[in-house]
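Visitor: kindly return the folded structure for what I paste below:
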Amino acid sequence: MKWLSIVLCFSLMFGCVKDRNFEAPESDSCVDLVANTTYLEVKNLFQESTIQIQDDLIIEGFVNSSDEMGNFFSVLHFQDRAENPTEGFQIEIDLRDSHLFYPSGSKIFIKLKGLYLGKSKDVFKLGATFPSFGNLFIGRLPKTVIADHIIVACDNPVSIMPQKTTITALEKRLTNTLISLEDVEIIEKELGLLFAEVREETERTLVDCDGNEIVLLNSGFSDFQVTPLPSGNGTITGVLLRERENFQLVIRDLQDILLLETRCSGID
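Guide: Sure thing, here's the model as predicted:
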């Protein structure tokens, strides 16, 4: 009976393991490809409506987002350089825990043939498509084909150096890149609130000492959802998103926040 108990114990242990960390795109090894086009050239293919890319085009980039803490979901953001990027891009993917397969700092190649290129709220996206009211919109790339299009280079991951900037100096070309905003703080009326409402995408507000504002976008499913917002002033790092003319910042984890100095308003 003792051996039966041991077998049963192991069966229960492995039966209780969640499979969310094992939905990996199949890939035998890293591959070194050669990029043959630029982000700008790809974006210039867009002609007012979603298109499918037919040519054997390849772009390369460095992953700057991470879904490890749950503040990103089903999307990879990447930029053309690990430091001083000129542009960023994003691709929608149906893959949970993508940080296990495409960790921040990884160099990746995107094989564009067969992917769709679209635009939503003036921001370019890559992925699959879904129809809505007679139009095609960019959606998540099925996990069964992710490895056909997103290839990890053999290079070791590198540190992504955020572009230091200010709210007033933000440019559209920095969309989907990693930035650091200096001398900012949570707006006074939001002090004491949590990072996000439960299970809801939540907008909080960052402000500089001149009163310029930017949205800090947080997921209600993130691991730090219940953490109170910090009260100090300082630097915050995150991926810059945009909806038309409106910028948003999304942090990867709480280590992206260094708001430890005295507030502009004098509130500690």
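
Visitor: so Glu182 touches Ile167, yeah?
Guide: No: using Cβ atoms under 8 Å, Glu182 is not in contact with Ile167; the gap is 9.6 Å. Any C-beta I mention is one placed from the backbone N, CA and C, and that applies to glycine too.

Visitor: the more surrounded of the two?
Guide: Set side by side, Glu182 and Ile167 show more neighbours around Ile167, with 19 against 14, by other Cβ atoms under 10 Å.

Visitor: relative to the whole chain's centre, how far out is stretch 33-40?
Guide: In this view, stretch 33-40 has its centroid 21 Å away from the chain centroid, taken as Cα atoms, centre = their mean, to the nearest Å.

Visitor: and the gap between the residue nearest in space to the middle of the chain and Glu245?
Guide: Residue closest to the mean C-alpha point of the chain, counted by Cα atoms, centre = their mean, is Ser65 at 3.6 Å. Separation of Ser65 from Glu245 (Cβ to Cβ, to the nearest Å) stands at 22 Å.

Visitor: can you tell me the element the residue nearest to the centre of the chain falls in?
Guide: Using DSSP states H and E, no element contains Ser65; it sits outside every helix and strand.

Visitor: just give the number of residues close to the residue nearest to it when sequence neighbours are not counted.
Guide: Spatial nearest neighbour of Ser65, excluding adjacent residues (Cβ to Cβ, 6 or more residues apart in numbering): His77 at 3.9 Å. Other residues lying near His77 total 25 when counted by other Cβ under 10 Å.

Visitor: can you pull out the low-pLDDT segments for this protein?
Guide: Along the chain, the parts satisfying pLDDT under 70 run over 1-29, 265-268.

Visitor: how about the helices in the protein?
Guide: 2-15, 39-43, 143-149 (DSSP state H).

Visitor: who touches the closest residue in space to Ile257 that isn't next to it in sequence in this structure?
Guide: Beyond its immediate neighbours in the sequence, the residue positioned closest to Ile257 (Cβ to Cβ, 6+ apart) is Ile236, lying 5.2 Å away. Neighbouring residues of Ile236 by Cβ atoms under 8 Å, 6 or more residues apart in numbering: 180-181, 184, 206, 216, 249, 251, 256-259.

Visitor: do that again at 7 Å, thanks
Guide: Applying Cβ atoms under 7 Å, 6 or more residues apart in numbering to Ile236 gives the contacts 181, 184, 206, 249, 251, 256-257, 259.

Visitor: ditto for Lys172
Guide: Applying Cβ under 7 Å, 6+ apart, the residues contacting Lys172 are Arg242.

Visitor: mind doing that once more with 10 Å?
Guide: Shown in contact with Lys172 (Cβ atoms under 10 Å, 6 or more residues apart in numbering): 87, 122-123, 240, 242, 244-245, 247.

Visitor: ok, and the most crowded of the residues you listed?
Guide: Most neighbours among those, by other Cβ under 10 Å: Leu240, with 26 neighbours.

Visitor: verify the contact between it and Leu216 for me.
Guide: No: in this structure, Leu240 is not within contact of Leu216 by Cβ atoms under 10 Å, at 11.5 Å.

Visitor: okay, and the common contacts of those two?
Guide: Joint contacts of Leu240 and Leu216 (Cβ under 10 Å, 6+ apart) are 181, 248-250.

Visitor: for these, give me JSON lines that also has distance to Ala35.
Guide: Below are those laid out as JSON lines (distance: Cβ to Cβ, whole Å):
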{"residue": "Leu181", "distance to Ala35": "30"}
{"residue": "Gln248", "distance to Ala35": "28"}
{"residue": "Leu249", "distance to Ala35": "28"}
{"residue": "Val250", "distance to Ala35": "26"}
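
Visitor: can I get those residues in TSV with distance to Arg263 and neighbour count?
Guide: Formatted as TSV, those follow (distance: Cβ to Cβ, whole Å; neighbours: other Cβ atoms under 10 Å):
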residue	distance to Arg263	neighbour count
Leu181	15	25
Gln248	22	17
Leu249	18	24
Val250	23	19
